[in-house]
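Asker: quick one: sequence plus predicted model below, questions after.
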Amino acid sequence: MSGPYVIRGSVSLPEAELMWRFSRSSGPGGQHVNTSDSQVELRFDLVKTEALPPVWKERALAKLAGRLVDGVVSVRSSEHRSQWRNRETAAVRLASLLAEATAPPPRARRATRIPRGINERRLREKKQRGDMKRGRSGRDWT
């Protein structure tokens, strides 16, 4: 593989905790399609890992609850013909998934009032539009 996959900051996926599984892919492959195991499934035990800070771990467990099977998150890749490229794709996908899941929640929106001038302009434009539409009716024509 091409080195550590950084989740965020100095935290990266530990190579020792990644579990790889290979199988035959249903995608493109040419003549050796039936003999090579190019599909990659990458699994990462989120519950047992020590690589993530406890706060990040809690966030990830909460956000990825629907994807976890016994506390393990898995990612598959079979887009490429090469097992090596599928490994790279799966590892990058897992790192980005964990980065998104461990991100802090967004700041709460501060409620603000709509300025009076904006509201008055909106009502004035509505009135003008209504007058214009009312002027289109043929009532006044004789």
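Answerer: Arrived safely.
Asker: residue ranges in the protein under the pLDDT threshold?
Answerer: Along the chain, the model assigns pLDDT under 70 to residues 1-3, 25-35, 140-142.
Asker: which residues of it fall in strands?
Answerer: 5-8, 11-13, 18-23, 39-45, 72-77 (DSSP state E).
Asker: buried residues in the longest one, which are they?
Answerer: Residues 39-44 are the ones in strand 39-45 that count as buried (16 or more other CB atoms under 10 Å). (C-beta placed from N, C-alpha, C; glycine too.)
Asker: tell me the one of those nearest N86?
Answerer: Minimum distance to N86 across the buried residues of strand 39-45 is 4.2 Å, recorded for V40 (CB to CB).
Asker: residue contacts, that closest one?
Answerer: 20-22, 76-78, 83, 86-87, 89-90 (CB atoms under 8 Å, 6 or more residues apart in numbering).
Asker: ok, it to R124 distance?
Answerer: 62 Å (CB to CB, to the nearest Å).
Asker: how close does the closest residue to L94 other than its chain neighbours sit to R67?
Answerer: Counting by CB to CB, 6 or more residues apart in numbering, L94 lies nearest to V75, which is 4.6 Å off, once chain neighbours are set aside. Distance, V75 to R67, using CB to CB: 9 Å.
Asker: also M132?
Answerer: In terms of CB to CB, M132 sits 54 Å off from R67.
Asker: picking that back up, A16: which of the buried residues of strand 39-45 is nearest?
Answerer: Distances from A16 to the buried residues of strand 39-45, taken by CB to CB, are shortest for F44, at 11.2 Å.
Asker: any idea how far the nearest residue to that closest one once chain neighbours are set aside lies from L64?
Answerer: Closest residue in space to F44, ignoring its immediate chain neighbours: V73 at 5.4 Å, by CB to CB, 6+ apart. In this view, V73 and L64 are 6 Å apart by CB to CB.
Asker: neighbour count winner among those two?
Answerer: Legend: neighbour count by other CB atoms under 10 Å for V73 and L64, higher for V73 (20 against 17).
Asker: contacting residues around the more buried one?
Answerer: 43-44, 46, 64, 67, 94, 97-98.
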